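Asker: build the 3D model from these lines:
(3 chains)
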Amino acid sequence: MATEETVAHEDSAIEGRREISSGELKSITEALIFVADEPINTKTIADVIDVDREAVEKAVAELVEEYDARASGLQLREIAGGWQIATRPEHHENVRAYLKSKPSAKLSLASLETLAVIAYKQPVTVPEILEIRGVQSPSAIKTLLDKRLIVAKGRKETVGRPMMYGTSKEFLIQFGLKDLSELPSVEDFQDLAGGADS
Amino acid sequence: MATEETVAHEDSAIEGRREISSGELKSITEALIFVADEPINTKTIADVIDVDREAVEKAVAELVEEYDARASGLQLREIAGGWQIATRPEHHENVRAYLKSKPSAKLSLASLETLAVIAYKQPVTVPEILEIRGVQSPSAIKTLLDKRLIVAKGRKETVGRPMMYGTSKEFLIQFGLKDLSELPSVEDFQDLAGGADS
Amino acid sequence: MEDTAQIDTIATPAAEETPATINVAGATPEIAPDRDHDQLKITLGEFEGPLDLLLYLIRQEQINIYDIPIARITNEYLRYLNLMQELDLTMAGDFLVMAAQLIELKSRMLLPRDPLAAAEEEIDPRAELVDLLLEHEKFKAAAQMLWSRATVEQAVFTRAEIETDKNNPEVAVGLFDLLRVFQEILARKKEEIMMEIEREEVTMAEMIERLRNMVRSAGELNLMRFFERASSRRELVTAFLSVLELVRMSEISLLQRETFGEIVARSAGPA
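Answerer: Coordinates of the predicted model:
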């Protein structure tokens, strides 16, 4: 789509479907990340501005550096497959004091264990969770559904066709994960588990 | 509150009720303006951080300069007696384009209720939905039709031959269902809800 | 054998104290209101289930998990189970199931080994339990990891809603939201029906009189408005039949000005 009229910008014009200076691209990218209600991915940004995804990725990388360099109270971070502006954790006391918010109720150990099983074994059914945990976890599953941390993932083609569960996007957000591959592998925990004697 | 241990910071410690470096103050101020749901004034910020208002005003002025200097996509602006972070007006086209393009798999409660009735009782007519919900839902039906979550399924052979509605293929896609038999049954939910004692 | 005798002789030192201060095997039981239900729930500290208790006992006794002395651990396990019962803590059935499994395992361990079977072919009857325990412990560690991640995340805040969001009051939905909403509607409906029973039913004659009066006083009556007055399904049927009746008797005529438009009733007889 590049036309003859392309102006030479102060900073080099980036390659893309539309001619746009890299400074402008960075600026628009920052604005879009700010207005998005949830983490926004580089493809969406690229589509809106009508430039190549690579250009947006470069812009985001530069923005991240800038945020870090100027010791801002904010950070640009990758989460749940997208980018988001958020406060830095070290300011949590002041922020909390202002918002008058208490740390939200933590999940019970039972819910966390159930969530851990679902996160690593997904899609997984209630009977399968029972087998690993050794306890029924109906209320834990209900809590996790209520908090939207897990979602139904269809039924398993087995006796009784039980519902299968998996983690949600909200799970990634609440646990600060880029994607599921960022979860430490279960084998890492093996050492902890058997470590005392082996 | 100043104690003997006050460290000489790289940047000068600002005067105030609490010893805090000007860099840190600026950082916290930025975080507070960011999380506030309405323009926040310097007095409020000063009270939260427990420093003098003048110090906060200086921090804000510096922040404004920094935002302008780096040609950010965001601006720090004074509005309605307080400070706020907002996108720059020159990006409005892109911002608006993004906000419009957002895939909206989101529904109002009225639409959601109507959709629930249609999903579980299909094919179902508008009077029957009214009967079950106890509320008229004309705009909800329109929304659901617009979003292609429901489709007309012919007319019912009864007085007035009202149109019958059912869920669409799009519905299956958005809710991640293979087919309608995968809808969670009331029993699925009861197992979860009532199971706590088992 | 020996176990049963031992259970009976267990001392319950904490029995007179308030349950909140009881210390069972290092874990402090908590009494907490159940969030969803209006009842108090006693949790045995970290012993969510039998596997947790078993793991605790194994660590406590400093036993090699790959070589569990089943008889000893079974005795210990039953001792704590008994203690829980003495403290009147409601115990999930899972604990008893595990007790049965342990006792069965113990008796299998007591069986003389098959002298003909080659040593390496013999499967340790404990293997399955060990796998289960190791697997379970792995996920306990994973839960700890999630806990610390969530703690860090709770210190991070995102911006408040901006104006554009407020024009758009929507809720994100999932499959179970759909079901829950549907159940709420049904529950609401059930309440209405229960109230209906109290109400007096309108007779056909009364309904015809009501329709006559409404048509007469308004001159022209939107039938929708008439039907909306019906407070039950049955009343609605009566209302509908009364319209048919008056049309049949040529007292009223029905008029629809446009396709799918409103239907109005008019007095048909001489004014």
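Asker: report how many residues lie close to C:Ser148.
Answerer: 10 (other C-beta atoms under 10 Å in any protein chain shown). (Glycine included, C-beta is placed from N, CA and C.)
Asker: helix, strand or coil: sort out it for me.
Answerer: Using DSSP: H, G, I helix; E, B strand; the rest coil, the structure places C:Ser148 in helix.
Asker: quick one: residues contacting it.
Answerer: Not one residue lies near C:Ser148 by C-beta atoms under 8 Å, 6 or more residues apart in numbering or on different chains.
Asker: mind pulling up the pLDDT for it?
Answerer: Looking at C:Ser148, its pLDDT is 82.
Asker: ok, it to C:Gln154 distance?
Answerer: Using C-beta to C-beta, to the nearest Å, C:Ser148 is found at 11 Å from C:Gln154.
Asker: and A:Lys121, how far from chain C?
Answerer: 9 Å (C-beta to the nearest C-beta, to the nearest Å).
Asker: quick one: contacts for the nearest residue to A:Lys169 once chain neighbours are set aside?
Answerer: Distances taken as C-beta to C-beta, 6 or more residues apart in numbering or on different chains place A:Ala80 nearest to A:Lys169, at 5.1 Å, with adjacent residues excluded. The contact partners of A:Ala80, by C-beta under 8 Å, 6+ apart, come to A:38-39, A:169, A:172-173, A:177-179.
Asker: filter the residues you listed down to just the buried residues.
Answerer: Buried members of those, counted by 16 or more other C-beta atoms under 10 Å in any protein chain shown: A:39, A:169, A:172-173, A:177.
Asker: for chain C, what's its nearest residue on chain A.
Answerer: At 3.1 Å from chain C, A:Val135 is the closest residue in chain A, using C-beta to the nearest C-beta.
Asker: now A:Ser21: how far from A:Val64?
Answerer: Noted for A:Ser21: a distance of 19 Å to A:Val64, by C-beta to C-beta.
Asker: what do you get for C:Leu78?
Answerer: Taken as C-beta to C-beta, the span from C:Leu78 to A:Val64 is 58 Å.
Asker: burial measure for the residue in chain C that chain B sits nearest to, as a count.
Answerer: Proximity of chain C to chain B (C-beta to the nearest C-beta) peaks at C:Ala160, 3.4 Å away. When neighbours are defined as other C-beta under 10 Å, C:Ala160 has 12 of them.
Asker: re the thing from before, and the contacts of A:Ala80, which is closest to chain B?
Answerer: A:Glu38 (9.5 Å).
Asker: residue 156: neighbour count?
Answerer: Answering for chain A, as no chain was given. Other residues close to A:Lys156 by other C-beta under 10 Å number 16.
Asker: I was after chain C.
Answerer: 19.
Asker: could you do C:Tyr66 as well?
Answerer: C:Tyr66, neighbours per other C-beta under 10 Å, totals 13.
Asker: ok, now A:Ser139?
Answerer: 24.
Asker: what's downstream of whichever strand or helix holds it, the next helix or strand?
Answerer: Assigned by DSSP states H and E, A:Ser139 falls within helix A:138-146. Sequence-wise, the next helix or strand downstream of helix A:138-146 (DSSP H and E) is strand A:150-155.
Asker: quick one: that following strand to helix A:138-146, angle?
Answerer: Counting by axes from the mean of the first three to the mean of the last three C-alpha atoms, to 10 degrees, strand A:150-155 lies at 100 degrees to helix A:138-146.
Asker: name the spans of chain A whose pLDDT lies under the cut-off.
Answerer: A:1-18, A:103, A:190-198 (pLDDT under 70).
Asker: let me see the domain layout of it.
Answerer: A:6-91, A:109-194 (automatic domain parsing).
Asker: of those domains, which is nearest B:Val95?
Answerer: Across these, B:Val95 has its closest neighbour in domain A:6-91 (5.5 Å, C-beta to C-beta).
Asker: helix or strand for the closest residue to the residue of chain C closest to chain B other than its chain neighbours, which one?
Answerer: Once flanking residues are discounted, C:Ala160 sits nearest to B:Asp37: 3.4 Å by C-beta to C-beta, 6+ apart. Using DSSP H and E, B:Asp37 maps to neither a helix nor a strand.
Asker: neighbours of B:Asp37, how many?
Answerer: 12.
Asker: wait, doesn't it sit right on C:Phe157?
Answerer: No. Using C-beta atoms under 8 Å, B:Asp37 makes no contact with C:Phe157, being 11.4 Å away.
Asker: A:Thr179 contacts A:Ile79, correct?
Answerer: Careful, residue A:179 is Asp and not Thr. No. Using C-beta under 8 Å, A:Asp179 makes no contact with A:Ile79, being 9.3 Å away.
Asker: my read: A:Pro162 touches A:Lys153, true?
Answerer: No. With contact defined as C-beta under 8 Å, A:Pro162 and A:Lys153 do not form a contacting pair (11.3 Å).
Asker: helix/strand/coil for A:Ile85?
Answerer: strand.
Asker: tally up the residues packed near the nearest residue to A:Trp83 once chain neighbours are set aside, please.
Answerer: Computed as C-beta to C-beta, 6+ apart, the closest residue to A:Trp83 that is not its neighbour in sequence is A:Ile33, at 5.1 Å. Number of residues near A:Ile33 (other C-beta under 10 Å) recorded here: 21.
Asker: I'd guess A:Ile33 is in a strand, am I close?
Answerer: No. Membership of A:Ile33 in a strand is not supported by three-state DSSP, which gives helix.
Asker: residue contacts, it?
Answerer: Contacts of A:Ile33 by C-beta under 8 Å, 6+ apart are A:40, A:45, A:60, A:76, A:83-85.
Asker: same thing but at 10 Å, please
Answerer: A:Ile33 makes contact with A:39-40, A:42, A:45, A:60, A:63, A:76, A:82-85, B:73-74, according to C-beta atoms under 10 Å, 6 or more residues apart in numbering or on different chains.
Asker: what ranges do the helices span in the stretch 101-250 of chain C?
Answerer: C:127-153, C:163-166, C:175-198, C:204-218, C:223-228, C:233-248 (DSSP state H, counting those that start in this stretch).
Asker: please state the offset of the helix holding A:Ser139 from the chain centre?
Answerer: 21 Å (C-alpha atoms, centre = their mean, to the nearest Å).
Asker: check chain A for the residue nearest chain B and tell me.
Answerer: Counting by C-beta to the nearest C-beta, chain A gets nearest chain B through A:Pro138, at 2.9 Å.
Asker: pretty sure that residue contacts A:Val126?
Answerer: Yes. The pair A:Pro138 / A:Val126 is scored as a contact, 7.6 Å apart, by C-beta atoms under 10 Å.
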